[in-house]
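> no sequence on this one, just coordinates:
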RNA sequence: CGGGGCGUAGCUCAGUCUGGUAGAGCGCACGGUUCGGGACCGUGAGGCCGGAGGUUCAAGUCCUCUCGCCCCGACCA
């Protein structure tokens, strides 16, 4: 594909756009790749769209390779399907709902489990027809609370979503592994540094789940990982090895907990200093509000509760710290003095670190008082003991006990084993070889297209602009006509452009009558991987200049050999 | 939804406190000089000062309401 700049629609910005925070957003705006229509809603301008399409085509190749067939589902979906799965009621304002002229309810699809399940259940009835693997590349809409960072967190965004249907979980495992492999190939082909981590399944539901994270300091997700065995997980999900044991209890262990006055001592720090007890001997009691009623979570004083883990344990979709009034209602005292002893009207979830304590101190459920000498199991029994810890860098690895580190990442892909959540709710059943009917086992696989392009820019730029990895560059080659007022230079450049076109080179011909500086700056800003400069200076010697965006080193090639030189340079960066 | 901030030329922003003729730089158009890293000189076009209401002789500026956008937080593939 070849194009002239003057026939294209490219407007670079000299000044930083006022509302762009992160580098990829700034550069995409400045380079004229995207423009904003409304909060979280963007135009993909010709240059940006070319990069998007290049990525889409890589995705298509790898999806087909993984045995998935492309289709396209509607953006607007009837509420009936969502009511069948139950998500019409579970989803909050993030789901953009609308009514048609007959007052019928619809939504703009944030994802397509319902529609795809409907498609498959209509046609597939036998194990002989399974497995099924389908994907689409489509615009989604999620009415994010706070869209930001350009394409990184838009409300409307392009996503590749794939869905697989199986007769057995073994078969799902196989498809899941194939998808993981396809994702790794896709991101590798884009030249991205990424990592695959264990993830929480969120509102989509399901069991196994992995996220593909492009490593970048601006990433919105925190990842905990082990350099030694390769274990990695989103902090939302991350397990960590047993925390260091608490030091020896400095006092006698009484037969019953002793109440101690602790006036105005609410925080772990205050209480531990006041009582001269290490934070590791305190039990922190947090009251949460959920759609399933209030619950209490217990964690050792030096650790933090992971709300996602708690949410999963409780089995609720809504969870947040309870209000002051609610705490008063549940524990009979203001915030800061709650404790598990004698707390009976709520379900209590205890982190295993709490139960590992031989003896501890905790709130007395009484204003300005704590209990010292509380023995877990003797003085209180939680409804459930589980892992509620928020993993932190420095924790030990749950697999191999090495100390884990933290990194930030941009979530560009997320694969889930859905199991039968949707097939059961929507009666997407099949008959097995013994004539028994059962719901299909499903997997779903998302990949953020715009986000991946943005992530590529986060990873590949310098102070001048983007440094495109070749596969995502809007054009691979920028051919610059330097002296548009010199007929012989124009003629040479035009001739070269024709040759490149004929040779099938992916080139943009900067034929604008602009000053050299303007052209050079635009070429750096947009970041074409290979640049070919035709100017009077070189032409007098019968040469043109060729350089790479990534190192800037200037090479020359005789006029007759430019095509070959460009081709071999392209191979070099490929 | 809570907290903070901003809406003035295509873009980036002054002017708002203290009411009195609508500004700058960049971009754009035209002429000239320039021409290998965002040139220079001259001329010019371009504004319902986000919108509605109010106060006032007079509102970009003060008051009320509204809409939009950005940042922090809670939420999320």
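Good, I have the coordinates. Everything quoted here is computed from the prediction, not taken from an experiment. Residues are numbered from 1 along each chain as shown, chains lettered A, B, ... in the order given.

> Contact residues of the stretch 301-450 of chain A facing RNA strand B?
Applying the criterion C-beta under 7 Å from any atom of the strand, the portion of the stretch 301-450 of chain A that neighbours RNA strand B consists of A:307-308, A:320, A:411, A:414, A:446, A:448. All C-beta spots, glycine's among them, are computed from the backbone N, C-alpha and C.

> Neighbour-wise, which one of the residues you listed leads?
By neighbour count, taken as other C-beta atoms under 10 Å, the most surrounded of these turns out to be residue A:448 (25 neighbours).

> wouldn't that residue be in contact with residue A:413 here?
Yes - at 7.2 Å, residue A:448 and residue A:413 qualify as touching, with contact defined as C-beta atoms under 8 Å.

> Sort out which of the residues of the stretch 301-450 of chain A next to RNA strand B are in strands and list them.
When DSSP state E defines the strands, the subset of those inside them is A:320, A:411, A:414, A:446, A:448.

> Including pLDDT, could the residues you listed go into TSV?
Below are those laid out as TSV (pLDDT from 0 to 100):
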residue	pLDDT
A:320	78
A:411	93
A:414	93
A:446	96
A:448	96
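
> Around the closest residue to residue A:13 other than its chain neighbours, how many other residues sit close by?
In space, not counting the residues next to it along the chain, residue A:13 is nearest to residue A:30; the distance is 4.6 Å by C-beta to C-beta, 6 or more residues apart in numbering. By other C-beta under 10 Å, 19 other residues sit near residue A:30.

> Next: residue A:329.
If you count neighbours by other C-beta under 10 Å, residue A:329 ends up with 14.

> Repeat that for residue A:538.
The tally of other residues near residue A:538 (other C-beta under 10 Å) stands at 20.

> What ranges does the stretch 201-350 of chain A have for its helices?
A:268-275, A:307-314, A:324-331 (DSSP state H, counting those that start in this stretch).

> want to try JSON lines for those, with mean pLDDT as columns?
Formatted as JSON lines, the helices of the stretch 201-350 of chain A follow (pLDDT from 0 to 100):
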{"stretch": "helix A:268-275", "mean pLDDT": "84"}
{"stretch": "helix A:307-314", "mean pLDDT": "83"}
{"stretch": "helix A:324-331", "mean pLDDT": "79"}
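
> just those: most buried one?
Between those, helix A:307-314 has the highest mean count of neighbours, a mean of 20, where neighbours are mean count of other C-beta atoms under 10 Å.

> Count the residues that sit near the closest residue to residue A:59 other than its chain neighbours.
By the measure of C-beta to C-beta, 6+ apart, the closest residue to residue A:59 outside its immediate chain neighbours is residue A:160, 5.1 Å from it. As a burial measure, residue A:160 scores 25 neighbours (other C-beta under 10 Å).

> Identify the residues contacting residue A:160.
Contact analysis of residue A:160 by C-beta atoms under 8 Å, 6 or more residues apart in numbering lists A:56, A:59, A:63, A:135-137, A:446-447, A:449.

> Can you give the domain ranges for chain A?
In the assignment given by automatic domain parsing, the structural domains of chain A cover A:17-191+A:418-457, A:258-386, A:475-573.

> thinking again about what came up before, from the residues of the stretch 301-450 of chain A next to RNA strand B, which is closest to residue A:361?
Using C-beta to C-beta, residue A:307 is the member of these that lies nearest residue A:361, at 24.2 Å.

> Residue A:351 versus the closest one, what's the distance?
With distances defined as C-beta to C-beta, to the nearest Å, the gap from residue A:307 to residue A:351 amounts to 13 Å.

> same check, this time on residue A:34
44 Å.

> between those two, which one's more packed in?
Ranked by neighbour count (other C-beta under 10 Å), residue A:34 and residue A:351 place residue A:351 first, with 27 against 23.

> Next, count neighbours for the residue nearest to that one when sequence neighbours are not counted.
Here the nearest residue to residue A:351 in space, its sequence neighbours aside, is residue A:388; by C-beta to C-beta, 6+ apart that works out to 4.1 Å. Residue A:388 sits with 26 neighbouring residues when counted by other C-beta under 10 Å.

> residues in contact with residue A:388?
Residues A:297, A:299, A:305-306, A:309-310, A:313, A:349-351 are the ones in contact with residue A:388 under the rule C-beta under 8 Å, 6+ apart.

> Closest to the centroid, which residue in chain A?
Ranked by distance to the mean C-alpha position of chain A (C-alpha atoms, centre = their mean), the top residue is residue A:411 at 2.1 Å.

> Hmm, it is touching residue A:213, no?
Yes - with contact defined as C-beta under 8 Å, residue A:411 and residue A:213 form a contacting pair (5.9 Å).

> what mean pLDDT does stretch A:518-527 have?
In this model, stretch A:518-527 has a mean pLDDT of 97.

> which of the residues in that stretch are buried?
Going by neighbour count (16 or more other C-beta atoms under 10 Å), the buried part of stretch A:518-527 is A:519-527.

> Perfect, that will be all.
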